[in-house]
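1. whatever this is, show me its structure:
(one chain, ligands or ions: 1)
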Amino acid sequence: MEQETIRTLIETAVHQLNFSYAPYSGFHVGAALLAESGALYTGCNIENAAYTPCNCAERTAFFKAVSEGVRSFRAICIVGGANGILRDYTPPCGVCRQVMMEFCDPETFEIVLATSPTDYRIFRLKDLLPMGFGPANLEQTSGV
Ligand code: THU
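-> Numbers count the residues shown, from 1 in each chain. I've put the predicted structure just below:
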């Protein structure tokens, strides 16, 4: 990815921290998802008094995009921290990695973890979800 694209993704994800609804954990997360078209989809975590309906920032971004007919993605940036202060990288939870597996090529999809526009690391989905189960696995013939 180009330097400018990385910076835009990080700045957009950081801006999303303003919208995080996290009254229970106090852990604010923002995400910026880059579609193949170049369009950006944003997300924040959205918690709930009943706890289980909590939605991660990454999934918010993915579901916004998919609900608008977009299914091809290049990269996502995730930032987060207690009270919205970015001290460390916020890696995607297992459920979010699985959602990425549904729509992204694990060999090429890039996950940017950042604490600032100059402090970041980029991972491929295949490294964060080795041997992931995806749509292709359902295409195997049963052999019966
Ligand atoms: N969270 C995310 O939004 N993304 C992640 O990948 C890690 C966890 C949220 C969920 C919950 O609102 C809060 O962070 C604490 O787990």
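2. just the buried residues of stretch 131-144, please?
-> For stretch 131-144, the buried set under the neighbour-count rule, 16 or more other C-beta atoms under 10 Å, comprises 132, 134. (Glycine included, C-beta is placed from N, CA and C.)
3. can you check stretch 59-68 too?
-> 59, 60, 61, 62, 65.
4. I figured the last one hits residue 76, correct?
-> Meaning residue 65. No: applying C-beta atoms under 8 Å as the test, residue 65 and residue 76 come out as separate, 10.1 Å apart.
5. which neighbours do those two share?
-> Jointly contacting residue 65 and residue 76 under the rule C-beta atoms under 8 Å, 6 or more residues apart in numbering are residue 33.
6. can you tell me how far residue 140 is from residue 98?
-> For residue 140, the distance to residue 98 equals 18 Å [C-beta to C-beta, to the nearest Å].
7. SS state for residue 38?
-> coil (DSSP: H, G, I helix; E, B strand; the rest coil).
8. again, but for residue 97
-> Secondary structure, three-state DSSP: residue 97 is helix.
9. mind starting the numbering at 721 from now?
-> Yes, from this point I'll number from 721; that puts the last item at residue 817.
10. who's in contact with it?
-> 845, 848, 849, 852.
11. quick one: residues contacting the third one.
-> For residue 849, the set of contacting residues under the criterion of C-beta under 8 Å, 6+ apart consists of 817, 818, 820, 821, 826.
12. any idea how far residue 813 is from the ligand?
-> 4 Å (C-beta to the nearest ligand atom, to the nearest Å).
13. nope, residue 733 is what I was after
-> The gap separating residue 733 from the ligand is 11 Å, by C-beta to the nearest ligand atom.
14. pretty sure that residue sits against residue 751.
-> Yes: using C-beta under 8 Å, residue 733 makes contact with residue 751 at a distance of 5.5 Å.
15. tell me, how many residues neighbour residue 776?
-> 22 (other C-beta atoms under 10 Å).
16. for residue 820, same thing?
-> By the criterion of other C-beta under 10 Å, residue 820 has 25 neighbours.
17. ok but it is inside a strand, no?
-> No: Residue 820 is assigned helix when assessed by three-state DSSP, not a strand.
18. gap between the closest residue to it other than its chain neighbours and the ligand?
-> Excluding its sequence neighbours, the residue lying closest to residue 820 (C-beta to C-beta, 6 or more residues apart in numbering) is residue 845, at 5.4 Å. Applying C-beta to the nearest ligand atom, the value for residue 845 to the ligand is 13 Å.
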